[in-house]
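Trainee: Starting from these lines, generate the structure:
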Amino acid sequence: MTDEVEREGDQMALGFDGDPTDGHTFKDYSDAEVVRAELEVMGMDASRHIVSFFEPVLADLGVTRAHDLRSVRAGTKVMVAGVKVASQTPAIRSGQRIIFLTLDDATGPVEVVVFESVQPKVATTVFHGYALAITGELRRTGVAGLSVIAEDVWDLSALHRARARGRLREAVGHHEPAPVPGEGPRTLWHASPGSAG
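Mentor: Just a heads-up that it's a prediction; the model follows:
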């Protein structure tokens, strides 16, 4: 006598009694996991901009957003931040190596120029970081052209982690450029007796 096996087409049917998910629940992805999966699968962040995860640190640093740069006077020192979407090092007639970056801060693009004089201290971060915070001078070129001439660059993820540990000021201060001879030390925060900053 042969045992009859239930079949569907050429496949053997497996006899499950009840719902196969009974007793097991699947955890929803966190927002960060959703965005990470979108980047891996589609190559873009569709549901939420990466910069949105850094909003608290951007606010603490006083970052100027791309859509606000037009109202800033040329020559003003600013801090900008965003996801690096492009970097180029084209051949320049002078022979200098100049790095051109484009950051996306969720309000628009920010163009950044990194001259050879600051590259020894920032090049590793510029080339290996995906989200950057940059201080520099705002420069206007033509009617609508804006760029930031980089003076210092930080990995935004590292600043985010430092903020979570209560060490943001230290993290930014540690990487400040050395003072120019004859000038006082450079600080990003105002400090006075009785203030926390």
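
Trainee: Tell me who's in contact with Leu58.
Mentor: Val51, Ala81 (CB atoms under 8 Å, 6 or more residues apart in numbering). Backbone N, C-alpha and C define where each C-beta goes, glycine included.

Trainee: start the count at 7, not 1, going forward
Mentor: Got it, first residue is 7 now, which makes that one Leu64.

Trainee: Need the mean per-residue confidence for the helix or strand encompassing it.
Mentor: Following DSSP states H and E, one finds Leu64 within helix 61-67. Helix 61-67 shows a mean pLDDT of 91.

Trainee: Same check on stretch 126-144?
Mentor: Rounded mean pLDDT across stretch 126-144 is 93.

Trainee: same check, this time on stretch 111-123
Mentor: pLDDT averaged over stretch 111-123 gives 92.

Trainee: ok, and what's touching that stretch?
Mentor: Here stretch 111-123 has contacts from 55, 57-58, 69, 71-75, 86-89, 91, 102-110, 128-129, 132, 140, 142, 145, 151-156, 159, using CB under 8 Å, 6+ apart.

Trainee: For Ile140, give its distance to Ser100.
Mentor: The gap separating Ile140 from Ser100 is 23 Å, by CB to CB, to the nearest Å.

Trainee: what about the two, which has more around it?
Mentor: Ile140 (26 against 8; other CB atoms under 10 Å).

Trainee: tell me the SS of the more buried one?
Mentor: At Ile140, secondary structure determined by DSSP: H, G, I helix; E, B strand; the rest coil is strand.

Trainee: which residues touch it?
Mentor: Per CB under 8 Å, 6+ apart, neighbours of Ile140: Met85, Val86, Ala87, Leu107, Leu109, Val118, Val154, Ala156, Asp158, Val159, Trp160.

Trainee: possible to save these as TSV with distance to Arg167, neighbour count and secondary structure?
Mentor: Below are the contacts of Ile140 laid out as TSV (distance: CB to CB, whole Å; neighbours: other CB atoms under 10 Å; DSSP: H, G, I helix; E, B strand; the rest coil):
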residue	distance to Arg167	neighbour count	secondary structure
Met85	18	19	strand
Val86	20	25	strand
Ala87	15	24	strand
Leu107	22	23	strand
Leu109	20	25	strand
Val118	23	23	strand
Val154	24	25	strand
Ala156	22	22	strand
Asp158	18	19	strand
Val159	16	25	strand
Trp160	11	23	strand
